[in-house]
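Undergrad: quick one, fold the following:
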Amino acid sequence: MPYFDAASSAPLHPVARQALLAALDEGWADPARLYREGRRARLLLDAAREAAAEAVGCRPDELTFTPSGTLAVHSGISGALAGRRRVGRHLVVSAVEHSSVLHAASTHTAEGGEVTEVAVDRSGAVSAPEFARALRADTALACLQSANHEVGTEQPVARVAEACRAAGVPLLVDAAQSLGWGPVPEGWSLLTASAHKWGGPSGVGLLAVRKGTRFAVRGPADERESGRSAGFENLPAVVAAAASLRAVRAEAAAEAARLRVLVDRLRAGVPELVPDVEVVGDPVRRLPHLVTFSCLYVDGETLLHELDRAGFSVSSGSSCTSSTLTPSHVLKAMGVLSEGNVRVSLPRCTTDEDVDRFLDVLPRTVAEVRERLGAPVPDPGEAAGGDRLVVDARGKRCPVPVIELAKVIGQVPRGGTVAVLSDDEAARLDIPAWCAMREQEYVGEEPADRSSAYTVRRLT
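TA: Numbers count the residues shown, from 1 in each chain. Next up is the predicted model:
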């Protein structure tokens, strides 16, 4: 049964498994002790640090192992902000950063700091000049992911790093999604990553802080890991993480070329086989193993359940797959369709047959979900009503407001309008996206009774 969610967590690499088992036998002692078992553990820890530092592109004494990638991000941001508190309390992030970065930014704001979010284009990429304009004299830190975790778009790290260097601002790069595929461009001051993203064990993060970067540990200090990560190191997991990182990087070029061909087939095949689909993310500057698309008139949660029943494990940024009922902040920032969203991220074991079967199963699955929801036929009939209709979709969740809009748009003449009343947060994103896909005009949003009114003008 194909597992297509490697961007969330990649299957354990065989080298990681071998290293983990060996380190359980040899690396159980305290590496801070001077007796034989402790010295053996210290040798393993030092070797793991050197291997990981080589892959990251930093000195071993600049690299810290943490209990998770999230903690690496939180420690990196808080430490850099504290180290440069005399400069100011301004933090710059992109609008599509991982939630760990945005949560740290929210904490900074709650503590009196200021945060600027740099917008992205429809592909999910920031503009390096716009990022540079967000930097100020009181900017203490800037954060930019190397590649997006939801749509795979690569960010212009080198150009942003150059702008940060010119402004004297340290740049923290979240490299969790890309580090297994290759080194991050030079110019960063801090870098974070997470082992389970490249096929290492969970519970191991990396935090690299360049020499010369002002950094002050927040919270109680600890003598381990340069004081930047408290507690006894999970040495077997650390050894497995470093060993697997070295292994996947050795395989990266060949595997990236192979998976890119499979993803290209998905990017081309899904829109051909399934009507009313938007493939999102940059088609060229992207991770080799990831593709994301959104399907009109589909409940994302139902679609994921049906694909799971068919044997495919995928993920989604649709609001209806979240307990918060709000669309993915990444898709929202990009201004793309969020309903029926599917992220496919292929692990290294994926075969041509796996992709063939997915392309065979997906059209039937989407059609069944659409039929269950009463989705409209693609081509609306001629106008049969007045020049303005109001659709009351209050209390209904995505994708029902868009389905109701699509059902009635043909009932108004060309130039007529449909106002959709909805209290679903996803409608604010999905109705304009539907208009762009169906070549209709999105007029705008206005307050309405216990909801918003989204007005659409029929053009075709």
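
Undergrad: in contact with Val101: list those residues for me.
TA: If you count contacts by C-beta atoms under 8 Å, 6 or more residues apart in numbering, Val101 has them with 73, 77, 93, 143, 145, 174. C-beta coordinates here come from the backbone N, C-alpha and C atoms, glycine included.

Undergrad: could you do Leu373 as well?
TA: Per C-beta under 8 Å, 6+ apart, neighbours of Leu373: 297-299, 302, 399-400, 403.

Undergrad: ok, back up a step: tell me the most packed of the contacts of Val101, by neighbour count.
TA: Within the contacts of Val101, most neighbours by other C-beta atoms under 10 Å means Asp174, with 32 neighbours.

Undergrad: now do the contacts for the closest residue to that residue other than its chain neighbours.
TA: Leaving aside its sequence neighbours, Asp174 sits nearest to Gln145 (C-beta to C-beta, 6 or more residues apart in numbering; 4.4 Å). By C-beta under 8 Å, 6+ apart, Gln145 lies in contact with 94, 96-98, 101, 155, 173-177.

Undergrad: over to Leu21?
TA: Residues near Leu21 by C-beta under 8 Å, 6+ apart: none.

Undergrad: do I have it right that Asp121 meets Glu130?
TA: No - contact criterion C-beta atoms under 8 Å: Asp121 and Glu130 do not qualify, at 9.6 Å.

Undergrad: which one of the contacts of Leu373 sits closest to Ala105?
TA: Nearest to Ala105 among the contacts of Leu373, counting by C-beta to C-beta, is Pro399 at 30.5 Å.

Undergrad: find the nearest non-adjacent residue to that closest one, please.
TA: Spatially, and ignoring its direct neighbours in sequence, Pro399 is nearest to Glu339 (4.0 Å; C-beta to C-beta, 6+ apart).

Undergrad: pLDDT wise, what is the one you found at?
TA: At Glu339, the pLDDT value in this model is 85.

Undergrad: how many neighbours does Ser33 have?
TA: Small correction: residue 33 is Arg, not Ser. 12.

Undergrad: which strand or helix spans Leu81?
TA: If you go by DSSP states H and E, Leu81 is part of helix 69-83.

Undergrad: so what touches that helix?
TA: With C-beta under 8 Å, 6+ apart as the test, helix 69-83 has contacts from 64, 66, 89, 91, 98, 100-101, 103-105, 107-108, 113, 140-141, 143, 170, 172, 174, 176, 189-190, 192-197, 205-207, 209, 213-218, 228-229.

Undergrad: can we see that at 7 Å?
TA: 66, 91, 100-101, 104, 108, 140-141, 143, 170, 172, 174, 176, 190, 192-194, 205-207, 213-218, 228-229 (C-beta atoms under 7 Å, 6 or more residues apart in numbering).

Undergrad: filter those to the buried ones?
TA: Buried subset of the contacts of helix 69-83 (neighbour count, 16 or more other C-beta atoms under 10 Å): 66, 91, 100-101, 104, 108, 140-141, 143, 170, 172, 174, 176, 190, 192-194, 205-207, 213-215, 217, 228-229.

Undergrad: can you map out the strands along the stretch 351-460 of the chain?
TA: Ranges of strands in the stretch 351-460 of the chain, per DSSP state E, counting those that start in this stretch, are 388-392, 417-422, 441-448, 451-457.

Undergrad: hang on, I meant the stretch 1-150 of the chain
TA: 63-66, 90-94, 114-118, 139-145.

Undergrad: what angle separates the second one from strand 139-145?
TA: Orientation check (axes from the mean of the first three to the mean of the last three C-alpha atoms, to 10 degrees): strand 90-94 against strand 139-145 gives 10 degrees.

Undergrad: from the contact counts, what lies against strand 90-94?
TA: Under the contact definition 3 or more C-beta pairs under 7 Å, 6 or more residues apart in numbering; DSSP states H and E, strand 90-94 sits against helix 99-110, strand 114-118, strand 139-145.

Undergrad: Ala237: which of those is closest?
TA: helix 99-110 (19.3 Å).

Undergrad: average pLDDT for that closest one?
TA: 97.

Undergrad: ok, now stretch 442-460?
TA: Mean per-residue pLDDT for stretch 442-460: 90.

Undergrad: next: stretch 5-12.
TA: 96.

Undergrad: so what's the gap between that stretch and the chain middle?
TA: Between the centre of stretch 5-12 and the centre of its chain there are 13 Å (C-alpha atoms, centre = their mean, to the nearest Å).

Undergrad: swap in stretch 158-173?
TA: With C-alpha atoms, centre = their mean, you get 22 Å for stretch 158-173.

Undergrad: buried ones in it?
TA: 159-164, 167, 169-173.

Undergrad: ok, residues contacting it?
TA: Under the criterion C-beta under 7 Å, 6+ apart, residues 76-77, 80, 128, 131-132, 135, 139, 141-144, 146, 157, 184-185, 187-192, 213 lie in contact with stretch 158-173.

Undergrad: average pLDDT across that stretch?
TA: Stretch 158-173 shows a mean pLDDT of 98.

Undergrad: how near is Arg438 to Glu117?
TA: 30 Å (C-beta to C-beta, to the nearest Å).

Undergrad: nope, Glu425 is what I meant
TA: 18 Å.

Undergrad: just Arg40 next, same as before
TA: 48 Å.
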